[in-house]
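> A structural model of the following input is requested.
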Amino acid sequence: MRGRINPLVCYLQAEKVIQIEIYQLENMKREKLEQLAFENSSPCVTISMNTHRTSPENLEDIAGLKNLLNEARDRVVDEYNDRPVIDLLEKIDNLEKEIDVNYNLESLHLFLSNSTKEIVRSSWPVLRNSVHISGNFAVKPLIKDFNRTVDYLILVLSQSDVPLFHAVNDSISGEIKNDDFPFAKTPHGLADKDKLRDGKMGDNMVREYFNKIDKAVVRVHNKTDMKCVVIGTEDNYSRLMQVADRPSVYIGCASINYDNTANHTIANDAWQIVKEFQKQTRTNAIKEMQEAVGKGKVITDLSEILRAVKEGRGDLLITHDDYHQSIVMTGDYTFDTVNDVTQPGAIDDISSDIAWEVISKKGRAMFTTQEEFGSFGDIALKVRY
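Predicted structure coming up:
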């Protein structure tokens, strides 16, 4: 018996690895967000800038980063010259040579203090390059990234040998392999030409095969909570939906290009479906906010929003993407708005702090440029009570 492989153990181990990877990824993102949001070691420097994925455009990022680091250094020296900032200035001075532009995505976010140095690359662009300096980090970019970074499944659907992939945004991170996947050619013999000549019988055989694939996808979904995008023909996707036990598991279908089935092509096609799904999720959130107006559960005054979220009443926060407001706190819940972010005690963007307060108290925070949100102004909060 020694040396024999137990297939059940292999299956369970594979499933466990999938769950652990997803859990760890989510945990790492949330832990980093919490760590930075809770830091209070003035001054905290947050630098956000748009970047380029490819050469030669990414060479522009070198000059852009240098300018922002110089701006940050000058402001720290001017605004905090009476405090010990040697460690922070050293980080600022050395950071440029630590950034390899060949690994840039859509944007770059730097979080620097005397005790902290975090470099975060994001798949989401920012509206403008900026330097924020205050007693806390401006974590709004990370909240956006946290909300819009999606783990999902990609099923490349055909009538034989069907693979299932794990994707993160526009990249495939790996193929899921267990007792079900890759899903082997049907044992019922779809290639049996005599049976396939009978159109009804052939169609039933395909449906039965797809129903088994669906059950296998649902098993992975139940363990990972990931939705699935299908890459295939409209005809095959339609058949899958007709026999699916839980159609809600599937986000949608992208047409397959049999001339190009490379992983990056499949992932890019699937990502377009996911982005539309995310947009619809934001649209639904705006509709939820609109419906809550009639129930007296929506606040749009900034000072009232701040008080509500600190009291833990924030259920859903929606903020316009380009909204930011600098303030100086005058009490626990009161503040003065300011234009000069360099004045003592200024918080560069209170909307970042508010968004984190909502998330940390089990609420939802979203950012949008959708026109449907226009009637609310720049920021709106749906309260629990």
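
> may I see the buried residues of stretch 245-265?
Buried residues in stretch 245-265, counted by 16 or more other Cβ atoms under 10 Å: 249-251, 253-254, 256. The way it works is simple: take the backbone N, C-alpha and C, and place the C-beta from them, glycine included.

> and which of those residues is nearest to K144?
Within the buried residues of stretch 245-265, the smallest distance to K144 is 20.2 Å, found for I251 (Cβ to Cβ).

> for the helix or strand encompassing the closest one, which outside residues touch it?
Per DSSP states H and E: I251 is located in strand 250-255. Around strand 250-255, the neighbours that count as contacts under Cβ atoms under 8 Å, 6 or more residues apart in numbering are 152, 227-234, 237, 240-241, 244, 269-270, 272-274, 276-277.

> state the mean pLDDT of it.
Taken as a whole, strand 250-255 has a mean pLDDT of 95.

> in its sheet, what does that strand sit against?
Here strand 250-255 has these sheet partners by DSSP bridges: strand 228-232 (parallel).

> check which element follows the partner strand along the chain.
Downstream of strand 228-232, the first helix or strand assigned by DSSP H and E is helix 234-243.

> and the helices in this protein?
Shown for the chain, the helices assigned by DSSP state H span residues 7-38, 59-79, 86-95, 140-148, 193-197, 199-224, 234-243, 263-293, 302-310, 350-360.

> re earlier: alpha carbons of the strand holding I251, as CSV, please.
What follows is strand 250-255, C-alpha atoms only, in CSV (Å, rounded to 0.1, in the frame of the first residue of the first chain):
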residue,chain,number,x,y,z
TYR,A,250,-22.9,32.9,-14.1
ILE,A,251,-22.1,36.6,-14.9
GLY,A,252,-22.3,36.3,-18.7
CYS,A,253,-20.7,34.9,-21.8
ALA,A,254,-18.0,36.2,-24.1
SER,A,255,-17.8,34.8,-27.6
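
> next, the angle from that strand to helix 263-293.
140 degrees (axes from the mean of the first three to the mean of the last three Cα atoms, to 10 degrees).

> contacts only, for the closest residue to V383 other than its chain neighbours.
Residue nearest to V383 in three dimensions, not counting chain neighbours: R313, with 4.4 Å by Cβ to Cβ, 6 or more residues apart in numbering. Neighbour list for R313: 383-385 [criterion: Cβ under 8 Å, 6+ apart].

> can you check D93 too?
Counting by Cβ under 8 Å, 6+ apart, D93 makes contact with 69, 73.

> now the one 5 residues further on
The contact partners of E98, by Cβ under 8 Å, 6+ apart, come to I119.

> how much space between it and L69?
As judged by Cβ to Cβ, to the nearest Å, E98 and L69 stand 11 Å apart.

> still on that earlier bit, any idea which of the helices of the chain is most buried?
Mean neighbour count (mean count of other Cβ atoms under 10 Å) peaks for helix 350-360 among those, with a mean of 23.

> reformat the contacts of R313 as a markdown table; add pLDDT.
Formatted as a markdown table, those follow (pLDDT from 0 to 100):
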| residue | pLDDT |
| --- | --- |
| V383 | 97 |
| R384 | 95 |
| Y385 | 92 |
